[in-house]
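Student: Predicted model and sequence follow; I will ask about them next.
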Amino acid sequence: MNARDYFTSYIADDKIRQLNIDLVSQILSFEPASVFEFGAGVGKNLALLLEKKPNLYAHGIDLSAQAVRTARQDKHRSYIHKGDESSLQFLPSSYFDVCFTCSVLDHIPEHENVHDILSDLKRMSRKAVILCETLADRPDVFYFPHNYESEGFTKSLDYSYFSDANTGGDNNVYNMWLITK
């Protein structure tokens, strides 16, 4: 099984961790009126954003039809749709204030066009693109490192989060990368 096949039916948990809180805080620092999440899963980051800012226009896509169905069972999460990197080309340029990911790109092998995904996210955003990803190199469990700095992103030097397996995490360190306009 490859990473794409695995994540086509993957459903992430809905547990809010400090990582999600920190990511949402970073997103809200840009005072967005609209956000887009690539790899939204069951929608926990978007739901947390909407709790903090109810009038926010939120949109997300995910590869897993099961995750999207789970998200949409909550009537407040109807803003999540099935889609993958090929869907990005149909979204307009400069349409969202902030585009973001959270442990999505780290599951995509380099040969599957991470560069193109990042280019689309940059094209779609007006203010910023935020990546919350790990640099774990564990292809046996579908973690692949990427060089976000080579794509113009700056690593937040004051942020790292250890996802402890004892509390349901994956024992990886997550960082944030940012590009602003």
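Tutor: Happy to help now that I have it.

Student: going forward, measure contacts between C-alpha atoms and count neighbours the same way
Tutor: Noted.

Student: all strands for this structure, in order.
Tutor: Secondary structure of the chain by DSSP state E: the strands cover 34-38, 57-62, 80-82, 96-102, 125-134, 154-155, 161-163, 172-180.

Student: Might you report the residue contacts of the residue nearest to the spatial centre of the chain?
Tutor: Residue closest to the mean C-alpha point of the chain, counted by CA atoms, centre = their mean, is Thr101 at 1.8 Å. Thr101 is in contact with Glu37, Phe38, Gly39, Ala40, Ile130, Leu131, Cys132, Glu133, counting by CA atoms under 8 Å, 6 or more residues apart in numbering.

Student: and if we set it to 6 Å?
Tutor: Neighbour list for Thr101: Glu37, Phe38, Leu131, Cys132 [criterion: CA atoms under 6 Å, 6 or more residues apart in numbering].

Student: Tell me the bridge partners for the third one.
Tutor: Taking DSSP bridges, one obtains Thr101, Trp177 as the residues bridged to Leu131.

Student: Check the first one too.
Tutor: Under DSSP bridges, the beta-bridge partners of Glu37 are Gly60, Phe100.

Student: tell me which residues in stretch 24-33 are buried?
Tutor: By neighbour count, and taking 16 or more other CA atoms under 10 Å as the criterion, the buried residues in stretch 24-33 are Val24, Ile27, Leu28, Pro32.

Student: just to revisit the earlier point, out of the contacts of Thr101, which is nearest to Asn55?
Tutor: Of all those, Asn55 sits closest to Glu37, with 16.5 Å by CA to CA.

Student: Verify the contact between Cys99 and Phe36 for me.
Tutor: Yes: with contact defined as CA atoms under 6 Å, Cys99 and Phe36 form a contacting pair (4.6 Å).

Student: Gly83: what's it in contact with?
Tutor: Remark: with contacts taken as CA under 6 Å, 6+ apart, Gly83 is in contact with Ile61, Asp62, Leu63.

Student: ditto for Gly168
Tutor: By CA under 6 Å, 6+ apart, no residues touch Gly168.

Student: repeat for Asp158
Tutor: Contact partners of Asp158, counting by CA under 6 Å, 6+ apart, are absent.

Student: try the one 5 residues further on
Tutor: Each residue near Ser163 by CA under 6 Å, 6+ apart is listed here: Gly169, Asp170, Asn171, Asn172.

Student: List only those of the contacts of Gly83 flagged as buried.
Tutor: When neighbours are counted using 16+ other CA under 10 Å, those contain these buried positions: Ile61, Asp62, Leu63.

Student: quick one: average confidence on stretch 120-134?
Tutor: The average pLDDT within stretch 120-134 is 98.
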